[in-house]
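Student: Give me coordinates for this.
(one chain, ligands or ions: 1)
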Amino acid sequence: MRTAEPLHLRLLRLLRDHGTISRAELADRLEIPRPRLLGELDRLVALGYVAEAGMAASRGGRRSTLVELNPGLRFAAVDLGASSVDVEVTNGRLEPIAAYNEIADIRSGPKVILQRVNELLAKAKVDGAYEKLDAVGIGVPGPVSFRDGVPVSPPIMPGWDRFPVRELLTREHGCPAVVDNDVNIMAIGERHGGVAHSVDDFLFVKIGTGIGCGIYLSGDVYRGTDGCAGDIGHIQVDSHGPMCTCGNVGCLEALFSGAALAKDATLAARNGTSPALTERLAANGTVTARDVAEAASEGDVTCIRLIRDGAGGSAVCWPAWSASPTRR
Ligand SMILES: [Zn+2]
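Tutor: I've put the predicted structure just below:
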């Protein structure tokens, strides 16, 4: 599919993923005639997307000039969590320039949350992070129609269904905006600069307040026809399981999200099966998933079991071993 992409997109993608690169190497990598590449590069330099970055080391003949994504570009990255808003502004090298974080309840609805996002971006502008944004990307904790730029029936985001997030951000900031599922974006990040940078097919599973999954197939994010391909958190794994926040019973998330883990941990602290958790409950008045992780690393048997159970081998989660997805 990539070969059918317009040249300027292939070029910008390569500059984004590779960083500074010589004109000669660009021509080699894109397998296009030099004059055509140079013409396209001149056009992108004139538009302000690409900048010259000095001379490359000689490859024997005339030295080639280096180019990069214009460091003067400004991108805003917004991460909406179930209970937090993170806003960051980067330059064209994707280096962070300003970052803001605050607690916010996604259930407050799109108008309240996006207004807050715009206020944080306005603050970044006042703080000198940018004059004009070149693009905004936003991740939301639920399924998204990538094509339409809207959340689609997100289980933990009441009021957000098909809200025109992309349209609102584009209008507000006068630049292109991209809306995607937060875990897809994390998967893209791992592919770009993390552990998956040399892998074309992988799953990225995030366990936070909820559970989500980013799917990479043949080097591209796979979203499925309705954008829900990686939305594994609300798949029912136990028809007699606990009630989920989405209203159904026995969802994966109800069994082993950060919230579910905290609930099991509170029980273990109260009934005394985990001395470490009982101690933390007495000291802090509450126990969290983080407490479970810490106590497990200290060797607390109950906490280790809670994590093992959630990872898929449990007779508690799956009454029959044969029904466990990891034990077929
Ligand atoms: Zn659910």
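
Student: what about Y130, how many neighbours?
Tutor: Residues lying near Y130 (other C-beta atoms under 10 Å) number 21. Placement of C-beta: from N, CA and C, glycine included.

Student: The one 5 residues further on now?
Tutor: For A135, the count of nearby residues is 16 (other C-beta under 10 Å).

Student: now V136
Tutor: Look at V136: counted by other C-beta under 10 Å, it has 24 neighbours.

Student: which helices and strands does the helix or strand containing it pack with?
Tutor: V136 belongs to strand 135-140 when assigned by DSSP states H and E. Contacts defined by 3 or more C-beta pairs under 8 Å, 6 or more residues apart in numbering; DSSP states H and E place strand 135-140 against strand 74-80, helix 165-173, strand 177-181, helix 182-193.

Student: Go ahead and report the secondary structure state at K125.
Tutor: Three-state assignment for K125 (DSSP: H, G, I helix; E, B strand; the rest coil): helix.

Student: contacting residues for it?
Tutor: Contact analysis of K125 by C-beta atoms under 8 Å, 6 or more residues apart in numbering lists E131.

Student: Could you list the domains of this protein?
Tutor: Domain assignment of the chain by automatic domain parsing yields the ranges 2-69, 74-188, 252-323.

Student: Can I get those in JSON lines including distance to D231 and mean pLDDT?
Tutor: Formatted as JSON lines, these follow (distance: least, C-beta to C-beta, whole Å; pLDDT from 0 to 100):
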{"stretch": "domain 2-69", "distance to D231": "26", "mean pLDDT": "87"}
{"stretch": "domain 74-188", "distance to D231": "5", "mean pLDDT": "95"}
{"stretch": "domain 252-323", "distance to D231": "10", "mean pLDDT": "81"}
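
Student: For those domains, give me CSV that also has distance to the ion.
Tutor: Listed next are these as CSV, based on distance: least, C-beta to the ion, whole Å:
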stretch, distance to the ion
domain 2-69, 36
domain 74-188, 6
domain 252-323, 5
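
Student: now the ones you listed in CSV, with distance to C246?
Tutor: Compiled in CSV, the domains of the chain are given as follows (distance: least, C-beta to C-beta, whole Å):
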stretch, distance to C246
domain 2-69, 36
domain 74-188, 4
domain 252-323, 8
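
Student: Tell me which of those lies nearest to G208.
Tutor: Among the domains of the chain, the nearest to G208 by C-beta to C-beta is domain 252-323 (5.5 Å).

Student: hmm, back to that, roughly how far out does the following helix or strand past the strand holding V136 sit from the chain middle?
Tutor: Using DSSP H and E, the helix or strand that follows strand 135-140 towards the C-terminus is strand 144-145. On the basis of C-alpha atoms, centre = their mean, to the nearest Å, strand 144-145 sits 14 Å off its chain's mean C-alpha point.

Student: Tell me who's in contact with R13.
Tutor: Shown in contact with R13 (C-beta under 8 Å, 6+ apart): E5.

Student: Name the helix or strand for it, please.
Tutor: Going by DSSP H and E, R13 is part of helix 7-18.

Student: which residues touch A76?
Tutor: So A76 contacts V87, E88, V89, L121, A124, Y130, L133, A135, V136, G137, H173 (C-beta under 8 Å, 6+ apart).

Student: related to what we said a few turns ago, the helix or strand following the helix holding R13 - which strands sit beside it in the sheet, and in what orientation?
Tutor: Next along the chain after helix 7-18, taking DSSP H and E as the criterion, comes strand 21-22. Under the criterion DSSP bridges, strand 21-22 sits next to strand 65-69 (antiparallel) in its sheet.

Student: And I188, how close does it get to P33?
Tutor: Note on I188: its distance to P33, by C-beta to C-beta, to the nearest Å, is 31 Å.
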